[in-house]
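> Build the 3D model from these lines:
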Amino acid sequence: MPEITHKNGFVYLIGAGPGDPGLITVRGRECIGLADVILYDYLANEELLRHARQDAELIYAGKVGGAHNREQSQINELLIQKALEGKIVARLKGGDPFVFGRGGEECEELAAHRIPFEVVPGVTAGIGAAAYAGIPLTHRDFTTSVAFVTGHEGHDKDVSTIDWERLSLGSGTLVFYMGIKNLPQITASLITQGRTPETPVALIRWGTRPDQKVLTGTLADIAEKARKNGFKAPAITVVGDVVTLREKLRWFDSRPLFGRTVLVTRAADQAGEFSRLLEAQGARVLECPTIRVVPPESFAGLDDAISRLADFHWLVFSSANAVAAFFDRLNCLGLDSRAIGPCKICTVGPKTAELLRSHGIRADLMPDDYKGEGVVAAFTDLDIRGRKILFPRGDRARDVIPAGLQQQGAEVTAPVAYRNLSPDAVPQAVLTALEERQVDCVTFTASSTATNLADLLGENRFLNLLGGLTVASIGPITSRTCRELGLEVHVEPREYTLAALTAEIVSYYRSRI
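Below you'll find the predicted structure:
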């Protein structure tokens, strides 16, 4: 990584890839995190901005359907201005900067002003979108060559510089960028210059994204098909016999949840794992945090319990949040896992146990039933009369565990280790999707996620916006809360884990095909 000491700052031209944020290169992600200023395009997935520093200046420099937010000359001037201020600038461009990305022009301007820069390649749309559509651009049984061609030449050109005759007569695959508007002219030119009208063609819109759409046809009919289907940019056009392999090799848009939009209502810092599980099955995920996990109003109760850790026989963690909060507090007090000593530990669920293992500790007891009643039932097989049990909990935790263990003769201490708060509002993008009926399924992973969403929306709006949606609940307690709020629950797994909930959602939609 270059040492940024130049008085004129530094510019990274970063290929953001074709849309799937997972296709950014490791180097590209690093450079986003270094930047003081980020200029990003329309085709650069805004999810990538999560890798930016919190104090980074974000500037949208994109265009939609030819309507420029900023002209190229303005973008060049802005890059130069920010760099001359001594700032590190990331120019985040869809696809690859040097493949129809005008990156060469930007580099020329930077070089002219003696501003140092680095080009970080990206997965270009022609390669990424074709792969996600199940179309290999080369295949030894079909073709050994591929050509990338602009479908939208500059307005300052009086005559096309595309060699239509050579493109038409060659047997290789052709990939046209930005060619939807000119599709009738493109197909007509290829046919006129000798390409057979029966040549297979695929249009790929929003390639690599959850809303990817693919339309296939031939040179003779694809333009009319696109018109009838209202097929719009941004899209690439693939021409060649390799398109026939799509039905055999398609994988991205054949996943069980492809085309479904799922609303995830977990806490913002915990939604990622669930979102990834759903996305792996093809879903488009909208995250709507309904919980913020924050410290307790006072640490007095927890600190007192920690000071007496040696007196406890059992430590019970009913969630990963409890584990995180407990060990964070240990660290703040200058302690670590050794402070637990011979105290045995019970965890609820595999994820809680997994987080505990990250602290070098294995659970002594994990109930088969991942809820409070399961914990109480598991302890009935043990003699805990007179035993002291520490139960660090959230402020909204049910009283099932301490009450049940006390009935068995245990002495239970249950200090609040963290609080669950509601956010101030539902994200606007989520509201818009709900109002426009673009959401298929809403998920609840705890009772509080349901009650908080109802509070944020208001009872009538909650029922109106969620009415008719598939409701997926992680377990019976959460399902009961959903029903009390007036919702019908359609999906509930037998095992109360995110993986099981994802699998049950997949099974539900498969059964409805």
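> Show me where the stretch 251-400 of the chain has its strands.
Along the stretch 251-400 of the chain, counting by DSSP state E, counting those that start in this stretch, strands occupy 261-264, 284-287, 292-294, 314-317, 344-347, 388-390, 393-394.
> could you say what helices and strands the first one packs with?
Think strand 261-264. Using 3 or more Cβ pairs under 8 Å, 6 or more residues apart in numbering; DSSP states H and E as the contact test, the elements touching strand 261-264 are helix 271-280, strand 284-287, helix 428-435, strand 441-444. From N, CA and C alone the C-beta is placed, and that goes for glycine too.
> could you redo the last one with a cut-off of 6 Å?
Helices and strands touching strand 261-264, as assessed by 3 or more Cβ pairs under 6 Å, 6 or more residues apart in numbering; DSSP states H and E, comprise helix 271-280, strand 284-287, strand 441-444.
> how about the strands of the stretch 251-400 of the chain, which one is nearest Cys332?
Shortest distance between Cys332 and the strands of the stretch 251-400 of the chain, using Cβ to Cβ, is found for strand 292-294: 14.7 Å.
> quick one: that closest one to chain centroid distance?
With Cα atoms, centre = their mean, to the nearest Å as the basis, strand 292-294 stands 21 Å off its chain's centre.
> Can you point out the buried residues in it?
Of the residues in strand 292-294, those with enough neighbours to count as buried (16 or more other Cβ atoms under 10 Å) are Val293.
> Then stretch 458-478?
Neighbour-count burial for stretch 458-478, with 16+ other Cβ under 10 Å as criterion, is recorded at Phe462, Leu465, Leu466, Leu469, Thr470, Val471, Ala472, Ser473, Ile474, Gly475, Ile477, Thr478.
> can you give me the helices for the stretch 401-513 of the chain?
Using DSSP state H, counting those that start in this stretch, the helices assigned to the stretch 401-513 of the chain run over residues 428-435, 447-457, 459-466, 476-484, 498-511.
> returning to what we had before: ok, which of the strands of the stretch 251-400 of the chain comes nearest Tyr370?
Ranking the strands of the stretch 251-400 of the chain by their distance to Tyr370 (criterion: Cβ to Cβ) puts strand 344-347 first, at 9.6 Å.
> Which strands and helices lie in contact with the closest one?
strand 314-317.
> sorry, back to before: kindly reformat the strands of the stretch 251-400 of the chain as CSV and extend each row with mean pLDDT and distance to Phe176.
Converted to CSV, the strands of the stretch 251-400 of the chain look like this (pLDDT from 0 to 100; distance: least, Cβ to Cβ, whole Å):
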stretch, mean pLDDT, distance to Phe176
strand 261-264, 97, 30
strand 284-287, 93, 26
strand 292-294, 88, 47
strand 314-317, 97, 57
strand 344-347, 96, 56
strand 388-390, 96, 66
strand 393-394, 93, 55
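> closest one to Ala35 among these?
That would be strand 284-287 among the strands of the stretch 251-400 of the chain, by Cβ to Cβ, at 24.1 Å.
> which residues are contacting stretch 39-55?
Applying Cβ atoms under 6 Å, 6 or more residues apart in numbering, the set of residues contacting stretch 39-55 from outside is 16, 19, 21, 24, 29, 32-33, 38, 59, 61-64, 91-94.
> Same check on stretch 89-98?
11-16, 18, 31-32, 35, 37-41, 43-44, 82-83, 101, 103, 119, 121-122, 124-125.
> ditto for stretch 184-202
With Cβ under 6 Å, 6+ apart as the test, stretch 184-202 has contacts from 135, 151, 164-165, 168-169, 179, 214, 216-220, 222-223, 238-239, 243-244.
> of the contacts of stretch 89-98, buried ones?
Among these, the ones that count as buried by 16+ other Cβ under 10 Å are 11-16, 18, 31-32, 35, 37-41, 43-44, 82-83, 101, 103, 119, 121-122, 124-125.
> Could you tell me which of those residues are located in helices?
Secondary structure defined by DSSP state H assigns Cys31, Ile32, Lys82, Ala83, Gly103, Ala125 of these to helices.
> measure the closest residue to the fifth one other than its chain neighbours to Ala325 for me?
Yep, that's Gly103 we're talking about. Nearest-residue entry for Gly103: Pro97, 2.9 Å, with adjacent residues in sequence omitted and distances by Cβ to Cβ, 6 or more residues apart in numbering. With distances taken as Cβ to Cβ, to the nearest Å, Pro97 is found 44 Å from Ala325.
> which residues sit in contact with Leu79?
Leu79 is in contact with Val11, counting by Cβ under 6 Å, 6+ apart.
> Quick check, pLDDT for it.
Turning to Leu79, the model gives it a pLDDT of 94.
> does it sit in a helix, a strand or a coil?
Secondary structure state of Leu79, per DSSP: H, G, I helix; E, B strand; the rest coil, is helix.
> Tell me the secondary structure at Ser73.
Put simply, Ser73 is helix when judged by three-state DSSP.
> Next, count neighbours for it.
Close neighbours of Ser73, defined as other Cβ atoms under 10 Å, add up to 10.
> now the end-to-end length of stretch 426-446.
Counting by Cα to Cα, to the nearest Å, the length from the leading to the trailing residue of stretch 426-446 is 17 Å.
> Same question for that stretch: list its buried residues.
Judged by neighbour count using 16+ other Cβ under 10 Å, the buried positions of stretch 426-446 are 426, 430-431, 433-434, 439-446.
> so which of those would you say is closest to Arg494?
The closest of these, once distances to Arg494 are taken by Cβ to Cβ, is Thr445, at 15.5 Å.
> so the closest one sits right up against Arg266, yeah?
Yes: the criterion here is Cβ atoms under 6 Å, and Thr445 meets it with Arg266 at 5.4 Å.
> From the contacts of stretch 184-202, keep the buried residues only.
A residue is treated as buried here by neighbour count (16+ other Cβ under 10 Å); on that basis the buried members of the contacts of stretch 184-202 are 135, 151, 164, 168, 179, 214, 216-219, 222-223, 238-239, 243.
> Return the subset of those lying in strands.
Among the buried ones among the contacts of stretch 184-202, DSSP state E puts Val214, Thr216, Gly217, Thr218, Val238, Val239 in strands.
> Skip the chain neighbours and tell me the closest residue to the second one.
Once flanking residues are discounted, Thr216 sits nearest to Ala202: 4.9 Å by Cβ to Cβ, 6+ apart.
> Just send the helices of the stretch 401-513 of the chain back as JSON lines, with mean pLDDT and distance to Glu373 too.
What follows is those, written out as JSON lines (pLDDT from 0 to 100; distance: least, Cβ to Cβ, whole Å):
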{"stretch": "helix 428-435", "mean pLDDT": "94", "distance to Glu373": "33"}
{"stretch": "helix 447-457", "mean pLDDT": "93", "distance to Glu373": "14"}
{"stretch": "helix 459-466", "mean pLDDT": "94", "distance to Glu373": "27"}
{"stretch": "helix 476-484", "mean pLDDT": "95", "distance to Glu373": "9"}
{"stretch": "helix 498-511", "mean pLDDT": "95", "distance to Glu373": "18"}
